[in-house]
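Q: Could you work out the structure for the sequence below:
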Amino acid sequence: MLTDDAQTDAARNGQYSRLNTVSELLDLLVETANKPLEEARALPPEFYTNPEIYQLELERIWRKSWIHVGRVEELQNPGDWIAREIAGEPIVVIKGQDDEIRALSRVCRHRFMDLLDGEQGRRCGHAEKLTCPYHLWTYELDGRLTSAPYMNRSRLFEEEKDGYALPQFRVETWQGFVFVNLDPDAAALTDTFGPEVEAALGNYDATDWRLMDRIAWGETEANWKLVVDNGREAYHHIGTHGKTLEPMWPAHMIQFEPSPRNEFFMARMFISKEFATGQEDGHLISPMLMPPAPGLTPFEQSNTGVLGLYPGFIYVTGPDMLITLSFQPTGHTSHNLDIEFLFHKDYADTPEAKVAIEEGKRWLSAVQAEDSGAMRGVQRMFSSGLSHEGGALSHLEIALMTFQRYLAKRLVGEHTVSGPVIESATAGA
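A: Below is the predicted model of the structure:
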C-alpha cells in the first residue's frame, strides 16, 4: 500500500492507484475510520462501485441487521400483510389470527413460486390465507401448510408435509415501526442501538403518531452508502439545498449528538432566525403545518432531528410531522427509497391534516429531487478515468466518520474500531 505522503502526491497528479482487491479496500476502511476528526477523509470510489464489496455488505450488514419494513397501522387486522425484500430475500410480514405479527418467507415450499406473485407488486394487502398462484398450495397466516391439491399419491409428501411450513424470520416493533432481521442469532432491536437513541429522541415517541401517507420514490442509480453519506450531513445544504433547506436550517447551526457505539447518528437542525415563528424560553420556534405534538418542550420545537439507524432507516423528528426514509440496495450501484409521513394521533383525522400532508409531500419531493440528483451525479463521476482518493472531510461531515466506523465494525470486526467519533454533543459552527 502507498504511504500517506505518496498517496497525496499521486492524487495531486491524478495518479492515485485504484484499490482492486477486497482485502486492500477493507484495510483502507479500517485505516480511514480510525483517523481523528481533523484528519478525516472520504472513502474512494471503489467502495461505491466494487461488486465484491457489495456482496460482502449484503452478507455482513443487510442480512444481519434490523430492517424497517412498515408500520403497525398497516397490520391492524388478521390477514393484513406487507410485502418486502431484504437483501434479495422475499418476505411477507403478516398479522395472524392470534394477533401476532410474523415475517414469513414468500417462497412456496413446492416449486419456489412467489406466494404474492398475483398481487402485481402491491406493497400491502389482505388475505385470509396465503395461497400459491402456481399450484394452489395454501398456508395459514402462521405459515402452516394446510392444503396441497392432488398430492395424495406422493408418499414423500405424506412423510414430509409437516415440515413444509413457511420459514419465519425475526420481527420486532419499536415505537410503532416494524423491523425484520434475517439473522436468527441477532441481538434484540433495542439492544442494537441502546438507550442512547431513546435519550436523543426525548419526548418524541412515534407510538402515538399515525402513518398518513407515503411517497414510493423508487429506484435511484446510486450506491446505498451515498444515501447515508448524503442524508446524514448538512454540509451540502449550502450547495445542493441552497434555496430550500439552507435558509431554514443553516449548515453551520447543526448540532451533533454522541454515538458511543457508532450504531446510529443524530443531528439537530436548528431553525434560522429568519424562518422562526416566535421565541419561547430563549428558543426560536420552528414553522409548522400543524399544531405541535403534545408534551414537546420549546427546545424540541426549535429544531428538526435527523436520526439515522444503520443501515437503512432515517427518522426525522419535527414538532408537527415525523418523516421517515427507508432505503435498501437493489444492486451495487442502485437503491430503492420509500418516504413516509406521520402526524400525531390527536391531529391525524382533522381536515387540516389532509391539506398539511399534501403540502409536506410537495415540499419534500422537491428536496428529495435535489438529493437524488446529487447522488446520481456523484455515482456517475465514480467512473472517471482518473484514479481519485477521497478528499478531506469538513467537521460538518462528522456523520461520514461515524458511518465509516460502523462499516469497519460490520465488515471487518468490532476490534477494528477505536471508539466514537465524538464523546459529547458538538456544535457544527
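Q: Please verify my assumption that Ala374 contacts His241.
A: No. Ala374 lies out of contact with His241 (Cβ atoms under 8 Å); the separation is 9.2 Å. Glycine gets a C-beta too; all of them are placed from N, C-alpha and C.
Q: ok, those two, which is more surrounded?
A: His241 (20 against 17; other Cβ atoms under 10 Å).
Q: Report the separation between the two terminal residues of stretch 326-336.
A: End-to-end span of stretch 326-336 (Cα to Cα, to the nearest Å): 8 Å.
Q: contacts for that stretch?
A: Residues outside stretch 326-336 that contact it (Cβ atoms under 8 Å, 6 or more residues apart in numbering) are 48-51, 53-54, 57-58, 62, 67-69, 85-87, 217-224, 227, 312-314, 337-340, 379.
Q: what does stretch 396-404 give?
A: Here stretch 396-404 makes contact (Cβ under 8 Å, 6+ apart) with 29, 32-33, 35, 37, 40, 42-43, 225, 228-229, 232-235, 251-252, 254, 256, 259, 262, 265, 267, 308, 310, 393, 420-422, 426, 428.
Q: Any chance of a ChimeraX selection covering the buried ones in those residues?
A: A single ChimeraX command is used to select the members of the contacts of stretch 396-404 judged buried by 16 or more other Cβ atoms under 10 Å:
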select :29,32,33,40,42,43,225,228,229,232,233,234,235,251,254,256,259,262,265,267,308,310,393,421,422,426,428
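Q: What ranges does the stretch 301-429 of the chain have for its strands?
A: Using DSSP state E, counting those that start in this stretch, the strands of the stretch 301-429 of the chain run over 303-309, 313-317, 322-331, 334-344, 426-427.
Q: got the ones you listed as TSV, with mean pLDDT and distance to Gly125 columns?
A: Listed next are the strands of the stretch 301-429 of the chain as TSV, based on pLDDT from 0 to 100; distance: least, Cβ to Cβ, whole Å:
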stretch	mean pLDDT	distance to Gly125
strand 303-309	95	27
strand 313-317	96	23
strand 322-331	97	19
strand 334-344	97	16
strand 426-427	43	46
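Q: The nearest residue to Arg410 once chain neighbours are set aside: neighbouring residues, count only.
A: Using Cβ to Cβ, 6 or more residues apart in numbering and skipping residues adjacent in sequence, the residue nearest Arg410 is Ile61, 5.0 Å away. Burial of Ile61 is recorded as 20 neighbouring residues (other Cβ under 10 Å).
Q: and Ile61, what does it touch?
A: 310-311, 407, 410-411 are the contacts of Ile61 under Cβ under 8 Å, 6+ apart.
Q: What ranges in this protein fall below the confidence cut-off?
A: For the chain, the stretches flagged by pLDDT under 70 are 1-19, 387, 422-429.
Q: The residue at the greatest distance from the centre of it and Leu136, how far apart?
A: Distance from the C-alpha centroid of the chain peaks at Arg153, with 48.2 Å (Cα atoms, centre = their mean). Counting by Cβ to Cβ, to the nearest Å, the gap from Arg153 to Leu136 is 17 Å.
Q: cool, and Val355?
A: 46 Å.
Q: in this protein, which spans are helices?
A: Using DSSP state H, the helices of the chain run over 4-12, 22-33, 46-49, 51-57, 155-160, 189-193, 195-201, 224-231, 351-381, 398-411.
Q: Return the angle between stretch directions for the last one and helix 22-33.
A: Compare the direction of helix 398-411 with that of helix 22-33 by axes from the mean of the first three to the mean of the last three Cα atoms, to 10 degrees and you get 140 degrees.
Q: quick one, helix 398-411 and strand 303-309 angle?
A: Using the same axes, to 10 degrees: helix 398-411 against strand 303-309 is 20 degrees.
Q: tell me which residues of helix 398-411 are tucked away?
A: Buried residues in helix 398-411 (16+ other Cβ under 10 Å): 398-411.
Q: How about the second one?
A: Buried positions in helix 22-33, judged by neighbour count with 16+ other Cβ under 10 Å: 25-26, 28-30, 32-33.
Q: likewise the third one?
A: Of all the residues in helix 46-49, those buried under the rule 16+ other Cβ under 10 Å are 46-49.
Q: hmm, who's touching it?
A: For helix 46-49, using Cβ under 8 Å, 6+ apart, the contacting residues are 18-20, 25, 29, 53, 223, 225-226, 332-333, 379, 382-383.
Q: which among those residues gets closest to Trp363?
A: In terms of Cβ to Cβ, no member of the contacts of helix 46-49 lies closer to Trp363 than Leu226, at 22.4 Å.
Q: Please identify the nearest residue in space to the closest one, excluding sequence neighbours.
A: With sequence-adjacent residues excluded and distances taken as Cβ to Cβ, 6+ apart, Leu226 is closest to Met375, at 4.6 Å.
Q: neighbours of the one you found, just the number please.
A: 22.
Q: Now do the same contact list for it.
A: 220, 222, 226-227, 230.
Q: at 6 Å instead, please
A: Met375 makes contacts with 222, 226, 230, as judged by Cβ atoms under 6 Å, 6 or more residues apart in numbering.
Q: Check Val72 too.
A: Counting by Cβ under 6 Å, 6+ apart, Val72 touches 173, 176.
Q: try 7 Å this time
A: For Val72, the contact set (Cβ atoms under 7 Å, 6 or more residues apart in numbering) comprises 173, 176, 178.
Q: Can you select the buried ones among these for me in PyMOL?
A: The buried residues among those can be selected in PyMOL (16+ other Cβ under 10 Å) with this line:
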select buried, resi 176+178
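Q: ok, so of the contacts of Val72, who is nearest Ser147?
A: The shortest gap between Ser147 and any of the contacts of Val72 belongs to Val178, at 28.1 Å (Cβ to Cβ).
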